[in-house]
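could you look at this predicted model? Sequence included:
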Amino acid sequence: MTKLAIVTCLSVLLAGCGDRLTEIKDAFSGINSAADAAASAVSQDVHAIRALTINYNDESFTINDLFKTILRDIRWEYDGEKNELHVQGTWQAPLFSDQAWDDHMQKQLAETGLVNVICVIQDDQIDSSQTEVTLVFNQEKILQLSGDDALHHLYDTYLKK
């Protein structure tokens with residue numbers, strides 16, 4: 001009789017697990033859907049632009065290599081009407097290493113400093129004269145570069161790493 005009671009209890013428990021297993025599968029499916037949606041949120045144009053090759057100081061690297069190396073937590077957007085690539089990421093050393101920031105400031109920048117880069121893409125190249133780079137800390141622009149100086153600073157930072 002106890003064996004029958006145990007088998008009955010286990011059957012009831014396992015029946016409940018089937019519903020729970022279905023819920024878990026649905027949750028995983030939702031996670032996959034969200035991941036797919038996030039991946040497709042970056043347009044095909046951005047993927048093509050990220051693959052463009054940069055030739056600088058006898059070195060070749062892609063736009064993707066450049067930004068993945070010098071920034072963290074990157075977000076990519078492309079405005080096809082203006083041919084503008086917008087890249088936003090968290091600051092990390094050695095970007096702007098020529099600034100006299102102490103260790104405490106560098107730690108704060110690494111946590112909350114946002115670097116915004118706008119590049120105009122023409123003929124599959126970055127138009128250096130129209131490049132803008134800003135560093136925002138506590139919702140205030142603390143550094144801004146534009147033109148050739150801005151783009152070459154990014155390239156030089158990449159080559160230092």
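Perfect, I can see it now.

longest strand of the protein, counting residues only.
The longest strand of the chain (DSSP state E) is strand 125-137.

listing partners with orientation, what would you give for that strand?
strand 114-122 (antiparallel), strand 140-146 (antiparallel) (DSSP bridges).

kindly export that strand (C-alpha atoms) in PDB.
The C-alpha trace of strand 125-137 is given here as PDB (Å, rounded to 0.1, in the frame of the first residue of the first chain):
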ATOM      1  CA  GLN A 125      36.000  55.100 -45.900                       C
ATOM      2  CA  ILE A 126      35.700  57.300 -42.800                       C
ATOM      3  CA  ASP A 127      35.800  61.000 -43.800                       C
ATOM      4  CA  SER A 128      38.200  62.200 -41.200                       C
ATOM      5  CA  SER A 129      37.300  65.800 -41.600                       C
ATOM      6  CA  GLN A 130      33.800  65.100 -40.400                       C
ATOM      7  CA  THR A 131      34.600  62.900 -37.400                       C
ATOM      8  CA  GLU A 132      33.500  64.000 -33.900                       C
ATOM      9  CA  VAL A 133      34.500  62.400 -30.600                       C
ATOM     10  CA  THR A 134      33.100  63.500 -27.300                       C
ATOM     11  CA  LEU A 135      33.600  62.100 -23.800                       C
ATOM     12  CA  VAL A 136      30.700  62.600 -21.400                       C
ATOM     13  CA  PHE A 137      31.000  62.300 -17.700                       C
END
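
which outside residues touch the helix or strand hosting Asp149?
Asp149 is part of helix 147-160, with elements assigned from DSSP states H and E. The contact list for helix 147-160 (Cβ atoms under 8 Å, 6 or more residues apart in numbering) reads 54, 56-57, 59, 61, 65-66, 69-70, 94-97, 117, 119, 126, 128-133, 145. (C-beta placed from N, C-alpha, C; glycine too.)

repeat for stretch 48-58
Against stretch 48-58 from outside (Cβ under 8 Å, 6+ apart): 60-64, 66, 76, 78, 85, 121, 124-126, 152, 155, 159.

just the buried ones from the residues you listed?
63-64, 66, 76, 78, 85, 121, 126, 155 (16 or more other Cβ atoms under 10 Å).

which intervals of the protein have sub-threshold pLDDT?
Along the chain, segments meeting pLDDT under 70 span 1-43.

now the strands for it?
Under DSSP E, the chain gives strands at 53-56, 59-62, 72-79, 84-90, 114-122, 125-137, 140-146.

quick one: which of the ones you listed is nearest Met105?
Set against Met105 and scored by Cβ to Cβ, the strands of the chain come closest in strand 125-137, at 8.5 Å.
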